[in-house]
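Q: Structure for the following, please:
(one chain, ligands or ions: 1)
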Amino acid sequence: ATDGATAAGQPKIPFGAAVRDGPLQDDEAYRQALVQYCQLVVGEGGLKWVDLRPDRSSFDFHQPDRLLAFARQNGMKMRGHTLAWYAAMPEWTNAITSAAEAERELTTHIETVVGRYRGEIPSWDVVNEPLSDDSSASVGLRDSVWAAALGERYVDIALRTAHAVDPRAQLVINDYGLEAATEKARARRLSLLDLVRRLRDRGTPLDAVGFQAHLPGDLDIDTDGVSQLVADLKSMDIEVLVTELDVIDDTLPAEIIERDAIVARRVQDLLGAILSVTQPTAILTWGLTDRYTWVPIWYKRGDGKPNRPLPLTDTFEPKPMMQAI
Ligand code: XIL
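A: The predicted structure is shown next:
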């Protein structure tokens, strides 16, 4: 489904969405919409430590196995999310404190998980959200089990291990808050670029940066800033992709036509800024339909109206955001 070319002769950019495990099993209309629109899928959960590692000695692969089977049956590819993140960690990992233990646990985890899906999952969010979120002045490393024990070295360990296990997989550092026209987003772009430079200087393998792109609906996209970051990455041979696109619409107008138009414009601005420099290797939204979205968990609207952050309505009708993509 990902082959073919546009009129301009450019290969098509694969589109996909994060998939929720529950409705994947019991909502046939949802499954059909995924098949109709997506060339790529990624689990909204399932490969996170909290889902995969109930205890130190076991791995529970049933969710990612189910999604991979669905993808294969329908000619789609699957991305992996995620191998090293500060959040969604099971309780028992709090007992990991020494550097040696942290390195051993992280390495074993990545060897086991990437090894199981070698050749089947061609792209991994190896490190998710490495940047801290505390101040706009200087953006350091996000605190985590891994950062506390290993410092920035955890990023190198994760990437090197994943590369050793599946040298052909696209290895991605994925983060949010990079897109808006704010000082904070600017600081995050610079900090991310610095991290990528240090990794390169240490000879650590990295293929791409993922823009999560949970876009704040009430802020403009810094199109020049985004283009500049993509260009700077390109000059280091680092690809980009959009991994978790949605538009946070909690403070946008209630009126639907107006709201959907703003949502679509944010998406168009972001994708335009990237495409003016290069083709992203993929574009994925964090969910496909407003029926199943994480947005109201964090950004519920004050007026009680449902959020509309995604390309399809809650009854699977395409919205202006889908046209924009
Ligand atoms: C979210 C899921 O969508 C929720 O269902 C879950 O409860 C928490 O995690 N950035 C990420 C994703 O990288 O893993 C997050 O997913 C959303 C923000």
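Q: Please see if stretch 179-188 touches the ligand.
A: No: Stretch 179-188 lies apart from the ligand when judged by CB under 6 Å from any ligand atom; the minimum separation is 13.7 Å. (C-beta placed from N, C-alpha, C; glycine too.)
Q: Could you tell me the end-to-end distance of that stretch?
A: Taking CA to CA, to the nearest Å, stretch 179-188 runs 9 Å from one end to the other.
Q: mean confidence score for it?
A: Taken as a whole, stretch 179-188 carries a mean pLDDT of 97.
Q: Give me the spatial nearest neighbour of residue 45, chain neighbours excluded.
A: residue 51 (5.1 Å; CB to CB, 6 or more residues apart in numbering).
Q: so who does the one you found touch?
A: Residue 51 sits next to 45, 60, 63, 88 when contact means CB atoms under 8 Å, 6 or more residues apart in numbering.
Q: before we move on, what SS does the first one have?
A: Under the three-state scheme (DSSP: H, G, I helix; E, B strand; the rest coil), the conformation of residue 45 reads as coil.
Q: which residues sit in contact with it?
A: Residue 45 touches 20-21, 51, 63, 88, counting by CB under 8 Å, 6+ apart.
Q: Show the buried residues in those.
A: By neighbour count, with 16 or more other CB atoms under 10 Å, the contacts of residue 45 hold 20-21, 51, 63 as buried.
Q: Could you report the neighbour count for residue 325?
A: Using other CB atoms under 10 Å, the number of residues around residue 325 comes to 18.
Q: picking that back up, state the pair within the buried ones among the contacts of residue 45 that is farthest apart.
A: The largest separation in the buried ones among the contacts of residue 45, counting by CB to CB, is between 20 and 51 at 12.3 Å.
Q: Look up the residues forming beta bridges with the closest residue to the ligand within the stretch 101-250 of the chain.
A: Residue nearest to the ligand within the stretch 101-250 of the chain: residue 128 (5.1 Å; CB to the nearest ligand atom). Taking DSSP bridges as the rule, residue 128 bridges to residue 174.
Q: pLDDT score for it?
A: Value listed for residue 128 in the pLDDT field: 99.
Q: Next, count neighbours for it.
A: 26.
Q: Report the contact partners of it.
A: 81-85, 174-175.
Q: show me the contacts for the residue nearest the centre of the chain.
A: Centre of the chain computed as the mean C-alpha position; nearest residue by CA atoms, centre = their mean is residue 243, 3.5 Å away. Residues near residue 243 by CB under 8 Å, 6+ apart: 42, 79, 81, 125, 172, 174, 210-213, 282, 284, 286.
Q: ok, the closest residue to the ligand within the stretch 1-150 of the chain - contacts?
A: Residue of the stretch 1-150 of the chain nearest the ligand, by CB to the nearest ligand atom: residue 44 (4.6 Å). Residues near residue 44 by CB under 8 Å, 6+ apart: 18-21, 286-287, 294.
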